[in-house]
Structures are given as C-alpha cells and as structure tokens.
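S.K.: pasting the sequence and the predicted coordinates here, then a few questions.
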Amino acid sequence: MQFEASRQGTEYNRLRHGPLAVLGFRLVNLSAAMNAQQITDADAICRIAVDIDSNLNAWASRSLQSDRKFHEAEADAIERRNSFNGRRHVYNSVWGAQVWNNWRSLSIVTNRIVLDHVDKQSFDDDALKERMRFESISIIQRLSMDICTSTPSLSGSPRQYQ
C-alpha cells in the first residue's frame, strides 16, 4: 500500500488500467489499509480512490467497444412487471450482466470512499469538495439504478431466487 500511495506508485497505476479483477484487488487493498489504519491521510485516500475510479471508467470505455457492450431498452408489456421503471438492459449473455454489475459495485464502493473522505481533505476549495460530493452521489445513484435495470438479464441464472 505504501508503494501505491507514493509518487512512483501513483504514476505506475495511472499508466496501466488492467483487468477488472486487478482493479478490484486495488480497492480491496485500499480498504484493508484503511481498516488497519496503515493509511489515514484523507488526501492520499481520495487520490487513490479517484485513480481507481478513473481506471474503472477506462475499463468501462474499453468494454463498451468490445463484445461486453450492452444497451438499454424499453421493456415490452410482458417484461414490464419484471423491469425497473419500465427499462431493461440487453447484454450478450448472463455473464456479461454479471461482469457489468461487478464493475458497478466496484465503482459504487470507490465513490463511497471518496464521499466518506472528501470533507477531511486538507485543501480549502469548498467548491471542488462540493463538486466531488455531487459527482460521487450522482454516480452511486446512477449505478444503483443500473444494477436494478439489469436484473431481468439475470433471470434464469443460478442467482435467481426460487
């Protein structure tokens, strides 16, 4: 964790985006270091969380250009009762829906970390802190709704409630 917080570690992580699992491990490492109080500086925590979020967004951008892309559609009359706000996501596979929900979950946790530490940062730019809060809350709300919108795509998967 000390390497990641260092200037060299920050630059290294900025240059590589990595697979989703690697980004998940980075988030787990950050959470573990915070829980063990190995890292307590709000500036460093936010810097790492924002970097992870940036890498998660890069992963999403690349994935939307690949076979993992999906689109949102209006649910038809039959699907409407199982949809969220009359909308549904259309994925290439159940696996694709699960991967995207993993990405959404990682992004939600990352933005929650930013939200929890933004006011503890040492800089005095209240407008920037407010923008960071607003962006994190907006992202958490949007991705939470996306998870709900994706649930019809998980019907029939082993995760379906019987």
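M.R.: That came in fine, so what should we check first?
S.K.: please count neighbours and contacts with C-alpha atoms only from this point.
M.R.: Fine.
S.K.: which stretches in this protein count as helices?
M.R.: 2-5, 7-15, 20-35, 42-63, 94-117, 126-150 (DSSP state H).
S.K.: please identify the deepest-packed of those.
M.R.: Each of the helices of the chain was scored by mean neighbour count; the highest is helix 94-117, a mean of 20, by mean count of other Cα atoms under 10 Å.
S.K.: can you list contacts of that one?
M.R.: Around helix 94-117, the neighbours that count as contacts under Cα atoms under 8 Å, 6 or more residues apart in numbering are 20, 24, 27, 42, 45-46, 49-50, 52-53, 56, 60, 68, 91, 132-133, 136-137, 139-140, 143-144, 146-147, 150, 153-154, 157.
S.K.: let's see 7 Å
M.R.: Helix 94-117 has contacts (Cα atoms under 7 Å, 6 or more residues apart in numbering) with 24, 42, 46, 49, 53, 56, 68, 91, 133, 136, 140, 143, 147, 150, 153-154, 157.
S.K.: re earlier: to F84, which of the helices of the chain lies closest?
M.R.: Closest approach to F84 among the helices of the chain is made by helix 126-150 (5.1 Å; Cα to Cα).
S.K.: what does that closest one contact?
M.R.: 83-84, 87-89, 97, 101, 104, 108, 111, 115, 118-119.
S.K.: and the furthest pair within those residues?
M.R.: So, the contacts of helix 126-150 by Cα to Cα: farthest apart are S83 and D119, at 37.0 Å.
S.K.: done for today, thanks.
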